[in-house]
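> pasting the sequence and the predicted coordinates here, then a few questions.
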Amino acid sequence: MARIALKIDVDTWRGTREGMPALAQWLERQGIQATFLFSLGPDHTGRALRRVFRPGFFSKVARTSVLEHYGWRTLMFGTVLPGPDIGRREAALLRSVARAGFETGIHTWDHVRWQDGVAGANEAWTRRELDHAVQRYAEIFGVSAHIHGAAGWQMNEAAYRLEADFGITLASDTRGSAPFLPVDAAGQVIGPMQLPTTLPTLDELIGRDGWDVSNVEQALLRLTQDRDHDQVYTLHAELEGQKWLPIFERLIHGWQAQGHCLTSIGELASALDPKTLPCCQVGQGQVPGRSGVLAVPLSFSE
C-alpha cells in the first residue's frame, strides 16, 4: 500500500484563522494525519504584487482567482496596511493544532520575504530569517521545531546547512519525485533528509488542460493509480481550507478508494533509512502551472 503524506502550508493570517482550523477539524473527524507548517511572523502578502513581472504570474492569477481566495485586506498587508504578526496573535490557535495530534513545523517567518529573497540571499540574511522562525516556534510550542518546509519551494545552499544547525532533522523544501539527501558540489551532505513535494498542487492544475473546480481532483487521482509509489502532496490553508475544501474532500475520498494510506511527513520519513537514500545537488527548475523557478534536484548519485 502506497502512502501519501499531506503537507499543509499556512501562508497568511487569514489562512491561519480560517483555513487552518477548517482543515484540522475535517481531518480530525476523518481520523487522517497531516503535517501543518506555519508562517510565524508578519503577514506581508501585499508585497507579493511585486511578482507582477515574473513570467507566468498573470496566467496563474487569472486561473486561480487570487482575490477570491485571499481577499482585499490580505492583499494590502505590508503595503497599505501593516502586516499582522501571525505567531503573536494566533499562538493559541497554532497550539490547538498540535494538541489535536497533528505534526507541526516551520514554513517561514515572513512568507513573502523568504519566497522572494532567499534564492539570492547570503548566509547572514538566511540565518536571521530562520532564527526568527525557530525562536518563535519554540516560544509558542515550548519545544524545538524539527521539520521545515520552505515558502514557495525557495532555498539557497546556506539554507540547507542552516537547517541542520538549527536542529531541523526533516525537510520538504523542494519539488521532485523521491526522497534524497542534499549535497554540495563535492558530494558532501549539507542538510537533513528532503521529502520533496511530488504531486502538482490544485492551483497549478486548475484552468489547464480542461481541469476546473468540478473535476480537478481527477487529474491527481490519475497520477496516484500506482499504489506502490509514495507521494507528498502540498495543500494550502488559504485554498483547500476555504473555498476549495469540497475539492480536497473529494480528493481524499478518491485516494482512500484507491487504497492509499494518508499520513504525515514525519510518518512517511520514519520508514526510510537515510543511508539508503540517493544524494543529490539542488538547483532551480520550473514546474508546469507555477510561475518562476523552484528548488529541484539536479541529479542523483548513489
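Structure received. Numbering: from 1, shown residues only.

> near Thr174, how many other residues are there?
Residue crowding around Thr174 was assessed by other CB atoms under 10 Å; the count is 26. (C-beta placed from N, C-alpha, C; glycine too.)

> and if you look at Met1?
Neighbour count for Met1, taken as other CB under 10 Å: 9.

> from His260, how far out is it?
7 Å (CB to CB, to the nearest Å).

> overlap of the contact sets of the two?
Residues within reach of Met1 and of His260 at once, by CB atoms under 8 Å, 6 or more residues apart in numbering, are Arg227.

> ok, what's across the strand from the most centrally placed residue in the chain?
The central residue of the chain, meaning the one whose C-alpha is nearest the mean C-alpha position (CA atoms, centre = their mean), is Asp9 at 4.2 Å. Beta-bridge partners of Asp9, counted by DSSP bridges, are Leu37, His236.

> that one against Ile106, yeah?
No - in this structure, Asp9 sits apart from Ile106 without contact. The criterion is CB atoms under 8 Å, and the distance is 10.9 Å.

> quick one, what contacts Glu28?
With contacts defined as CB under 8 Å, 6+ apart, the neighbours of Glu28 are Ala100, Gly101, Phe102.

> in JSON lines, list those residues along with distance to Gln33 and pLDDT.
Below are those laid out as JSON lines (distance: CB to CB, whole Å; pLDDT from 0 to 100):
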{"residue": "Ala100", "distance to Gln33": "10", "pLDDT": "98"}
{"residue": "Gly101", "distance to Gln33": "8", "pLDDT": "98"}
{"residue": "Phe102", "distance to Gln33": "7", "pLDDT": "98"}
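
> just the CA coordinates of stretch 265-272, formatted as PDB?
Taking C-alpha atoms only, stretch 265-272 is exported to PDB below (Å, rounded to 0.1, in the frame of the first residue of the first chain):
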ATOM      1  CA  ILE A 265       5.700  13.900   6.500                       C
ATOM      2  CA  GLY A 266       7.300  12.500   9.700                       C
ATOM      3  CA  GLU A 267       5.400   9.200   9.400                       C
ATOM      4  CA  LEU A 268       6.500   8.800   5.800                       C
ATOM      5  CA  ALA A 269      10.100   9.600   6.700                       C
ATOM      6  CA  SER A 270      10.100   7.100   9.700                       C
ATOM      7  CA  ALA A 271      10.000   4.200   7.200                       C
ATOM      8  CA  LEU A 272      13.100   5.500   5.400                       C
END
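
> which parts of that stretch are buried?
Of the residues in stretch 265-272, those scored as buried under the neighbour-count criterion (16 or more other CB atoms under 10 Å) are Ile265, Gly266, Glu267, Leu268, Ala269.

> same deal with stretch 275-294?
Of the residues in stretch 275-294, those with enough neighbours to count as buried (16+ other CB under 10 Å) are Leu277, Cys279, Cys280, Gln281, Val282, Val287, Gly289, Arg290, Ser291, Gly292, Val293, Leu294.

> is it true that the fourth one lies in a helix?
What that stands for is Gln281. No - remark: Gln281 does not belong to a helix; assigned using DSSP: H, G, I helix; E, B strand; the rest coil, it is strand.

> so it makes contact with Ala295?
No - in this structure Gln281 lies outside contact range of Ala295 using CB under 8 Å: 10.9 Å.

> quick one: mean pLDDT over the helix or strand hosting Ala158.
The secondary structure element spanning Ala158 is helix 157-165 (assigned by DSSP states H and E). Averaged over helix 157-165, pLDDT sits at 97.
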